[in-house]
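*Asks:* Let's see this in three dimensions:
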Amino acid sequence: MNILIAIDSFKGCIDSLEAGESAAKGARMAFPDAEIIVRPLADGGEGTVQALASGCNGIICKADVTGPLGKQVVCQYAIINGNTAVIEMAGAAGITLISENERNPLYTTTYGVGEVVKDAIVNGCRNFIIGIGGSATNDGGTGMLQALGFGMENSNGEAIAYGATGLKDLSVITDINVLPELNDCNFKVACDVTNPLCGENGCSMVFAPQKGASVKLAMQMDTWMYNYARVVQKFIPDADINYPGAGAAGGMGFAAKTFLDASLEPGVQLVLRETGFEQYVKEADIVVTGEGQLDGQTVMGKAPAGVASLAKQYNKPVIAFSGSVTDGAFVCNKTGIDAFFPVLRSVCTLKEAMDKENAIKNIMNTAEQVFRLIKTIK
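*Replies:* Below is the predicted model of the structure:
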């Protein structure tokens, strides 16, 4: 039997490869002679750097950059295939980098994201994969653009302030100091939302309240975002504020698409393609996937759904393991996951469930019993 395993991380507990290897150990107890391949998995959010570094034999680099509130942070990124940088926006401008009472998109900046891009350029990278989930920002990507040399100026020719607050003063955009290497760069952005830049479904109204903004402030920021869009359209006339994903990560999708000519792609599809996952699927007899929690949202672009979709193109059976499942998880059975199994084996506290050793043991033991059943049926 040829078993292919690709499980997303159980966030805050174990990473993708740890989850996969745990399932592999259980499967081997039932099928000692099976050929089992474990591949890393991510959906463009947390874990993407590690997954692509592992899946493509890349190296991990570190850059000291400006964090979301101006303090220095260390951001890890990967270099794969010689000159492709894999960056998680959350590593430089993520909401987890600041405390809950500090969260305020009025002041948080994406400047550090641009600094990571610059560091990768210095290290020879000309291709970029950027996951833009988990941001703390709503600055339209202006901070990143400033770090790359674009002038974002007010009517007096002064640089606008960091954060969404700067957008209200934006009057002129210049490119005389832009890094010349950008002309040789190609950008792919892992983006799993389709929100426009502005309006009731735009980044300010939908996502800013999740980042610490009041409803009143979100409405103000939406007005400023419209001002940003008007100034951009004077500079780049075909800038499209309604492009699907323009509102992702507080407008980072718009900045990347407009200024860097980036393609915006579903994160899991990008990861699966870069790691050559399709070839492994072709050779598998059964595909195993999963994540920390399977629910109704799993089918909406999350990693297990991407694995299942690709597996079904080759009529492969798919099973999934997860820490927990919700009532809404039944939709997974309609979209490619033939059967799913929660791995918790007894009543326990959340702390116990999230304990790394417990999670590894639970996945291993559950996988063993599932594959023993498969062996019995076969």
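*Asks:* hey, let's count contacts and neighbours off CA atoms from now on
*Replies:* Fine.
*Asks:* Walk me through which strands the helix or strand hosting V86 pairs with, and which way each runs.
*Replies:* Assigned by DSSP states H and E, V86 belongs to strand 84-88. Neighbouring strands of strand 84-88 in its sheet, by DSSP bridges, are strand 72-80 (antiparallel), strand 127-131 (parallel).
*Asks:* just checking, next helix/strand downstream of that strand?
*Replies:* Following strand 84-88 toward the C-terminus (DSSP H and E): helix 90-93.
*Asks:* Quick check: buried residues in the next helix or strand after that next one?
*Replies:* Sequence-wise, the next helix or strand beyond helix 90-93 is helix 111-122, with elements assigned using DSSP H and E. For helix 111-122, the buried set under the neighbour-count rule, 16 or more other C-alpha atoms under 10 Å, comprises Y111, G112, V113, G114, E115, V116, V117, K118, D119, A120, I121.
*Asks:* with these in mind, which one is nearest to P237?
*Replies:* Distance to P237 across these (C-alpha to C-alpha) is lowest for G114, with 23.2 Å.
*Asks:* Pretty sure the closest one sits against T142.
*Replies:* No. Contact criterion C-alpha atoms under 8 Å: G114 and T142 do not qualify, at 9.5 Å.
*Asks:* I374 sits in which helix or strand?
*Replies:* Going by DSSP H and E, I374 is part of helix 356-377.
*Asks:* if we can go back for a sec, save the strands paired with strand 84-88 as JSON lines, and put in mean neighbour count, mean pLDDT and distance to E278 too.
*Replies:* Formatted as JSON lines, the strands paired with strand 84-88 follow (neighbours: other C-alpha atoms under 10 Å; pLDDT from 0 to 100; distance: least, C-alpha to C-alpha, whole Å):
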{"stretch": "strand 72-80", "mean neighbour count": "21", "mean pLDDT": "97", "distance to E278": "19"}
{"stretch": "strand 127-131", "mean neighbour count": "26", "mean pLDDT": "97", "distance to E278": "19"}
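*Asks:* nearest to K11, of the ones you listed?
*Replies:* The nearest among the strands paired with strand 84-88, by C-alpha to C-alpha, is strand 127-131 at 16.2 Å.
*Asks:* Would you mind identifying the next helix or strand past the closest one?
*Replies:* Moving toward the C-terminus from strand 127-131, the next helix or strand (DSSP H and E) is helix 142-147.
*Asks:* Give the other helices and strands that the next helix or strand along the chain from that next one contacts.
*Replies:* Next helix or strand after helix 142-147 toward the C-terminus (DSSP H and E): strand 151-153. Here strand 151-153 touches helix 142-147, strand 172-174, going by 3 or more C-alpha pairs under 8 Å, 6 or more residues apart in numbering; DSSP states H and E.
*Asks:* ok now do A256, which residues does it touch?
*Replies:* A256 makes contact with G141, F187, V189, A262, according to C-alpha atoms under 8 Å, 6 or more residues apart in numbering.
*Asks:* what secondary structure does the third one sit in?
*Replies:* Secondary structure, DSSP: H, G, I helix; E, B strand; the rest coil: V189 is strand.
*Asks:* For burial, what's the neighbour tally of it?
*Replies:* 26 (other C-alpha atoms under 10 Å).
*Asks:* Next one, pLDDT for it please.
*Replies:* Per-residue confidence (pLDDT) for V189: 97.
*Asks:* That one against V268, yeah?
*Replies:* No. In this structure V189 lies outside contact range of V268 using C-alpha under 8 Å: 11.3 Å.
*Asks:* dump the residue contacts of K11.
*Replies:* G292.
*Asks:* Quick check: pLDDT value at it.
*Replies:* For K11, pLDDT reads 82.
*Asks:* Would you mind measuring from it to T84?
*Replies:* 26 Å (C-alpha to C-alpha, to the nearest Å).
*Asks:* where exactly do the helices run in this protein?
*Replies:* 16-30, 48-55, 90-93, 111-122, 142-147, 203-206, 215-235, 252-260, 267-274, 277-283, 303-312, 350-354, 356-377 (DSSP state H).
*Asks:* Would you tell me which of the helices and strands packed on strand 151-153 gets closest to V370?
*Replies:* So among the helices and strands packed on strand 151-153, helix 142-147 is nearest, using C-alpha to C-alpha, at 47.4 Å.
*Asks:* Return the distance of the closest one from the chain's centre.
*Replies:* 20 Å (C-alpha atoms, centre = their mean, to the nearest Å).
*Asks:* Surely V86 and C125 touch.
*Replies:* No. When contacts are counted by C-alpha under 8 Å, V86 is not listed as touching C125 (9.8 Å).
*Asks:* Name the residues contacting each of these two.
*Replies:* I79.
*Asks:* So between those two, which is more surrounded?
*Replies:* Per other C-alpha under 10 Å, whichever of V86 and C125 has more neighbours is V86, with 31 against 23.
*Asks:* what about that one, distance to E274?
*Replies:* Taking C-alpha to C-alpha, one finds V86 at 11 Å from E274.
*Asks:* Quickly list what's touching both of these two.
*Replies:* When contacts are counted by C-alpha under 8 Å, 6+ apart, V86 and E274 are jointly contacted by L52.
*Asks:* hmm, back to that, packing partners of the helix holding I374?
*Replies:* helix 16-30, strand 318-325.
*Asks:* How about it, which residues are buried there?
*Replies:* 356, 359-368, 370-372.
*Asks:* Taking helix 16-30 as reference, get the angle to that helix.
*Replies:* 40 degrees (axes from the mean of the first three to the mean of the last three C-alpha atoms, to 10 degrees).
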